[in-house]
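*Asks:* kindly return the folded structure for what I paste below:
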Amino acid sequence: RWDLLHFHGRHAMERQLEREAVGTNIQTISSVRGSSSHHNNPFLILCQRDATETSGACYGVMMVYSGSYQMDVERSQTGLVRVVSGIQEERFAWNLKPGETFDPPEVILSFAAEGLTPLSQQYHRFLRRNICRGPWKDKRRPVLINNWEATYFDFNTEKIVKIAEKAASLGVEMMVLDDGWFGTRNDDNQGLGDWTVNCEKLPGGLDPLIGRINALGMKFGLWIEPEMVNENSNLYRTHPDWALTLPGRKPAMGRNQLVLDLSRPEVVDYLAEAIGKLLREHHIEYIKWDMNRSMSDVYSRAFPAEQQGEIMHRYMLGVYALAERLTQGFPEVLFEGCAGGGGRFDAGMLCYYPQIWCSDDTDAIERLTIQHGTSFGYHHGCPCFCLPQPPDRPHHAHRHPCCGGDERHLWLRAGSGQTEARRVHRSEKPDQAVQTAERPDPHRRLLPADRPGRKRIFHGMAVCRRGRQRGAAESGGDPSAGKSLAHPPVLPWAGRR
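*Replies:* Down below sits the predicted model:
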């Protein structure tokens, strides 16, 4: 008898552990949103009914994919349990011409005979050593501050510098400029797609601001959302066919924006050049790559009707191709993934971003359950966490505040730290938006790489696709002891259109 562990959720409450018996029905974990989604993570565990953290056989199945997916679990009439995983079958069809091949997403399989803890440790080590790449995967990440909740779209150079000055005095190491720095981006109805600096807000462009931030001893980072476009933008007015919309119908909006058609190589080229130009011309050391809506109205004007079932997967390949060009072209830049919080938190994205924004819920108590679920498959270096400033409540908290005390220490126990400047009341000065009870030590290592005091067991892990496997297949083998994967599993797709 087997139990199924999966990780459901919603926006601002991702990866909630649920454990249930495997029945004779088909249990499906999936996303149809064009991303791995907030709602079900592409990772599941099958374990013996009485399995605990330290006992019982456990099998893990983790997809290396960031688009719409489907994982089916079924127990047959003979008691055999099978798991089938792959691209979401709804609205998917791929036309293969004679001589062509198709590479489906890969899956990381792992087995542990002695409970959930060694299974988690196997995944942690494998992701760190074989999936994450680049110079940042093993480096300590800077503690940063973000201006979003302090200013939203209403900022200028002086406001940002005042926030940075206060943050620098507290030991914060990086200032990140969030949404609103480009085009006519004065609200969320306009400007997306126009990746040029708004010199009305930032006189002289980014360089004067970056110079003042660097003079404080801080690094400078920038927010982008390259996969999206507003109708009120120069890009959309010039290339309306570059947006995914249905012919003859009013498009469905999400956060007042449309999804760009990254199945088209020319769209990927435009974004690679626009973002690459920013990174070449300015001293930007961090990029937060956001994606704030699900996909709908999926129709590409670059493909005939018989190939429209390919678009969502081709879109994902375009995202990977763009991420590959930027992360490999600028390896010194720290890239962080984000999708309306933790809506694209998966092994596919970890091939490009060494850290991913865990959730928009920054409440200390609620984050405990989010991080608990995340820890079953994902190592502590990849989630990025935020310290909200008490007594203000985070925007996406769902509970009433506790009485007294600072709860932040309960959950900033792993990953990379951020702090968020809060909204400035009209009676306050901008530098009052940043406050803390004591000066943090950003160099303090809060959690060791592996949980101490627990036996480390590696019974074998494999990366499988179409019957092939790599890694330690024999019981007792360390999956990371052999040759590291030369490329992340998704890379062979990136060049195949």
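*Asks:* show me where the stretch 1-150 of the chain has strands.
*Replies:* Counting by DSSP state E, counting those that start in this stretch, the segments of the stretch 1-150 of the chain that form strands are 2-10, 13-21, 26-31, 40-48, 58-64, 69-75, 81-87, 106-112, 144-146.
*Asks:* now these as a markdown table including mean neighbour count and distance to N232?
*Replies:* Where you see a C-beta, it was placed from the backbone N, CA and C, and this is true even at glycine. Supplementary listing: the strands of the stretch 1-150 of the chain in a markdown table, determined by neighbours: other CB atoms under 10 Å; distance: least, CB to CB, whole Å:
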| stretch | mean neighbour count | distance to N232 |
| --- | --- | --- |
| strand 2-10 | 20 | 29 |
| strand 13-21 | 17 | 31 |
| strand 26-31 | 18 | 29 |
| strand 40-48 | 24 | 34 |
| strand 58-64 | 24 | 37 |
| strand 69-75 | 20 | 33 |
| strand 81-87 | 16 | 34 |
| strand 106-112 | 23 | 40 |
| strand 144-146 | 25 | 25 |
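*Asks:* any chance of those in JSON lines, plus distance to I365?
*Replies:* Converted to JSON lines, the strands of the stretch 1-150 of the chain look like this (distance: least, CB to CB, whole Å):
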{"stretch": "strand 2-10", "distance to I365": "16"}
{"stretch": "strand 13-21", "distance to I365": "12"}
{"stretch": "strand 26-31", "distance to I365": "26"}
{"stretch": "strand 40-48", "distance to I365": "21"}
{"stretch": "strand 58-64", "distance to I365": "28"}
{"stretch": "strand 69-75", "distance to I365": "30"}
{"stretch": "strand 81-87", "distance to I365": "33"}
{"stretch": "strand 106-112", "distance to I365": "30"}
{"stretch": "strand 144-146", "distance to I365": "22"}
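*Asks:* nearest to M312 among those would be which one?
*Replies:* With CB to CB as the criterion, M312 lies closest to strand 81-87 of the strands of the stretch 1-150 of the chain, at 8.4 Å.
*Asks:* thinking again about what came up before, rebuild the strands of the stretch 1-150 of the chain as a markdown table, extending it with mean pLDDT and distance to R255.
*Replies:* A markdown table is the format used below for these (pLDDT from 0 to 100; distance: least, CB to CB, whole Å):
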| stretch | mean pLDDT | distance to R255 |
| --- | --- | --- |
| strand 2-10 | 98 | 16 |
| strand 13-21 | 98 | 18 |
| strand 26-31 | 98 | 18 |
| strand 40-48 | 98 | 21 |
| strand 58-64 | 98 | 26 |
| strand 69-75 | 97 | 23 |
| strand 81-87 | 97 | 26 |
| strand 106-112 | 98 | 31 |
| strand 144-146 | 96 | 18 |
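*Asks:* out of these, nearest to P247?
*Replies:* Using CB to CB, the strands of the stretch 1-150 of the chain put strand 81-87 closest to P247, at 24.8 Å.
*Asks:* phi, psi for M349 please.
*Replies:* As for M349, its main-chain torsions (degrees, to the nearest 10) stand at phi -70, psi -30.
*Asks:* how near is it to Q371?
*Replies:* As judged by CB to CB, to the nearest Å, M349 and Q371 stand 18 Å apart.
*Asks:* how far does the longest helix seen in the chain sit from the chain's center?
*Replies:* In the chain, with assignment by DSSP state H, the single longest helix is helix 311-329. Its chain's C-alpha centre and that of helix 311-329 lie 14 Å apart, by CA atoms, centre = their mean, to the nearest Å.
*Asks:* now that helix: buried residues?
*Replies:* 311-327 (16 or more other CB atoms under 10 Å).
*Asks:* correct me if wrong: N292 contacts M228.
*Replies:* Yes: using CB atoms under 8 Å, N292 is in contact with M228, at 6.8 Å.
*Asks:* between the two, what contacts are shared?
*Replies:* Between them, N292 and M228 share these contacting residues under CB atoms under 8 Å, 6 or more residues apart in numbering: Q257.
*Asks:* give the other helices and strands that whichever helix or strand comes after the longest helix of the chain contacts.
*Replies:* Per DSSP states H and E, the first helix or strand lying C-terminal to helix 311-329 is strand 334-337. Packing partners of strand 334-337 (3 or more CB pairs under 8 Å, 6 or more residues apart in numbering; DSSP states H and E): strand 286-289, helix 311-329, strand 355-357.
*Asks:* quick one: the longest one to strand 81-87, angle?
*Replies:* The one in question is helix 311-329. 80 degrees (axes from the mean of the first three to the mean of the last three CA atoms, to 10 degrees).
*Asks:* what packs against helix 311-329?
*Replies:* Partner elements for helix 311-329 (3+ CB pairs under 8 Å, 6+ apart): helix 265-281, strand 334-337, helix 491-494.
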